[in-house]
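Undergrad: can you look at this prediction? I've put the sequence above it.
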There are 2 protein chains.
Amino acid sequence: MTIGIIGAGSVGGTLGTGWAGKGHSVLFGVRDPSASSVKELLGRAGASAKAGSATDAAACDVVVLATPWDATQSAIQSAGDLKGKVLLDCTNPLLPDLSGMAIGTTTSGGEKVSEWAPGTRVVKVFNTTGFGNMANPIYGTDRNTMLYCGDDSSAKQTAAELAGDLGFDPVDAGPLTQARLLEPLALLWITLALKQGLGLNIAFKLMHR
Amino acid sequence: MTIGIIGAGSVGGTLGTGWAGKGHSVLFGVRDPSASSVKELLGRAGASAKAGSATDAAACDVVVLATPWDATQSAIQSAGDLKGKVLLDCTNPLLPDLSGMAIGTTTSGGEKVSEWAPGTRVVKVFNTTGFGNMANPIYGTDRNTMLYCGDDSSAKQTAAELAGDLGFDPVDAGPLTQARLLEPLALLWITLALKQGLGLNIAFKLMHR
């Protein structure tokens, strides 16, 4: 299987290096294949990797899109005909300052609740997992992570203690606007459990090393 | 600490039972405190729990909102004055058929990419974690989960194999519209790593039991 990677930054470079190490033929589609950064990358990736144009990458069996969001549309256009291709999209439509998503995610239930209950210290919490995990958040020797967010630190501390009381591993996810991220995570859990057939005994753990 | 829970369904009931078991005073704020389902809940929750009105729940030290989304605004209104309260919001603005979020999440980069590259078989993948984890997705005896979504099953199988090649545990998250959930998950990882100070050596694992 040949793999064409459009974008040779941290993500594209790491993926390509990993796959080349597994014996896949990797082609990095870049603006300047003779650039020193590309040569360095090819040195790390080894003999199974080479560099070419975005069009060369688009000719591979599998095409990987690993561009910054604002370069994505033009990268697709410069790749030429992609019809029928398996296109692995690794991009994320992030605002440059990471303050939110550039498209698609504009508000949250948590912010609505705060608006509907003015003057309260809202913490978004206990929304990202099912009640079975709330009854028992222990998975063998691991604990279900409970992410929470809000704008009042003492209210958040209360939420964290109450999560810990139930056996969760509480993790502060930031200000209340982060509910824009925790609520989609809830629907992700729900759809994995109910629509993808994984069942209710699944839970996210944030690992550290 | 007294805890008032607005909504005595699966989530509110489970949380309240858990906290009552830890010795907290719990009050379930319900429409009809003498309903048989409420009596049954109180039997499970034990002596530290009682039932009352939404206003009674709102008078507790901590107020927990555990209502279906479409009942949330009216529940807040019926609770009366909540100023200064710690309000733990466990709600999620889900569409009733779980096909998406009712507010706030309307499209995704993955869908845009599919629109910009017509005829391709797009898989959203390798977007939810950092390149350090792509280079090494192993955490002790655990593996970083790689969620992916798309509308073409063979393209998804390719994505899963390529994720497995790198050491990830690949998990099918459903159709391409699920990119609306995977992209916010990416920003959650990024903000936990960079803004909440947890650093880059963190990763999500989907646990099973």
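TA: Cool, the structure landed. A quick note: this is a predicted structure, and the numbers were derived from the prediction, not measured. Numbering: from 1, shown residues only, chains lettered A, B, ... in the order given.

Undergrad: buried ones in the longest helix seen in chain A?
TA: Longest helix of chain A, by residue count under DSSP state H: helix A:179-194. Using 16 or more other CB atoms under 10 Å in any protein chain shown as the test for burial, helix A:179-194 gives A:179-193. Every residue, glycine included, has its C-beta placed from N, CA and C.

Undergrad: of all these, which two lie farthest apart?
TA: Using CB to CB, the buried residues of helix A:179-194 reach their maximum pairwise distance at A:Arg180 and A:Ala193, which is 21.6 Å.

Undergrad: if we can go back for a sec, right, is the next helix or strand after the longest helix of chain A up against chain B?
TA: Along the chain past helix A:179-194, the next helix or strand (assigned with DSSP states H and E) turns out to be strand A:202-208. Yes. Applying CB under 8 Å from any CB of the partner chain, one finds strand A:202-208 touching chain B at A:Ile202, A:Ala203, A:Phe204, A:Lys205, A:Leu206, A:Met207, A:His208.

Undergrad: number of residues surrounding the residue nearest to A:Asp169 when sequence neighbours are not counted?
TA: Nearest non-adjacent residue to A:Asp169, counting by CB to CB, 6 or more residues apart in numbering or on different chains: A:Arg143, 4.3 Å away. A count of nearby residues for A:Arg143, using other CB atoms under 10 Å in any protein chain shown, gives 20.

Undergrad: A:Arg143 touches A:Val171, doesn't it?
TA: No. If you go by CB atoms under 8 Å, A:Arg143 and A:Val171 don't touch, sitting 10.7 Å apart.

Undergrad: now for the most centrally placed residue in chain A: which residues touch it?
TA: With distances taken as CA atoms, centre = their mean, A:Asn92 lies nearest the centre of chain A, 7.6 Å away. Going by CB atoms under 8 Å, 6 or more residues apart in numbering or on different chains, A:Asn92 touches A:Trp69, A:Met101, B:Gly109, B:Asn127, B:Glu183, B:Ala186, B:Leu187.

Undergrad: let's see 6 Å
TA: B:Asn127, B:Glu183, B:Ala186 (CB atoms under 6 Å, 6 or more residues apart in numbering or on different chains).

Undergrad: what confidence value was assigned to it?
TA: With respect to pLDDT, A:Asn92 scores 82.

Undergrad: next, give phi and psi for it.
TA: Backbone torsions of A:Asn92, given as degrees, to the nearest 10, read phi -140, psi 130.

Undergrad: quick check: closest non-adjacent residue to it.
TA: Excluding the flanking residues, the one nearest A:Asn92 by CB to CB, 6+ apart is B:Ala186, at 4.5 Å.

Undergrad: keeping just the C-alphas, turn stretch A:138-151 into CSV.
TA: Below are the C-alpha coordinates for stretch A:138-151, written out as CSV (Å, rounded to 0.1, in the frame of the first residue of the first chain):
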residue,chain,number,x,y,z
ILE,A,138,-14.1,2.0,38.4
TYR,A,139,-12.7,-0.1,35.5
GLY,A,140,-10.4,-2.7,37.0
THR,A,141,-7.6,-0.7,38.4
ASP,A,142,-8.6,2.4,36.4
ARG,A,143,-11.0,5.2,37.0
ASN,A,144,-13.4,7.0,34.6
THR,A,145,-12.1,10.5,34.1
MET,A,146,-14.7,13.2,34.9
LEU,A,147,-14.0,16.4,32.9
TYR,A,148,-15.6,19.6,34.2
CYS,A,149,-15.5,23.3,33.3
GLY,A,150,-16.7,26.6,34.6
ASP,A,151,-15.7,30.1,35.4
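
Undergrad: quick one: find the helix or strand in chain A with the lowest mean pLDDT.
TA: Counting by mean pLDDT, DSSP states H and E, chain A has its least confident helix or strand at helix A:109-116, which shows a mean of 81.

Undergrad: let's see the helix or strand just after it as CSV, backbone CA atoms only.
TA: Sequence order places strand A:121-124 as the next helix or strand after helix A:109-116, per DSSP H and E. Only the C-alpha atoms of strand A:121-124 are listed here, as CSV (Å, rounded to 0.1, in the frame of the first residue of the first chain):
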residue,chain,number,x,y,z
ARG,A,121,-21.7,29.7,39.3
VAL,A,122,-22.3,27.1,36.7
VAL,A,123,-20.0,24.1,36.4
LYS,A,124,-20.5,21.7,33.5
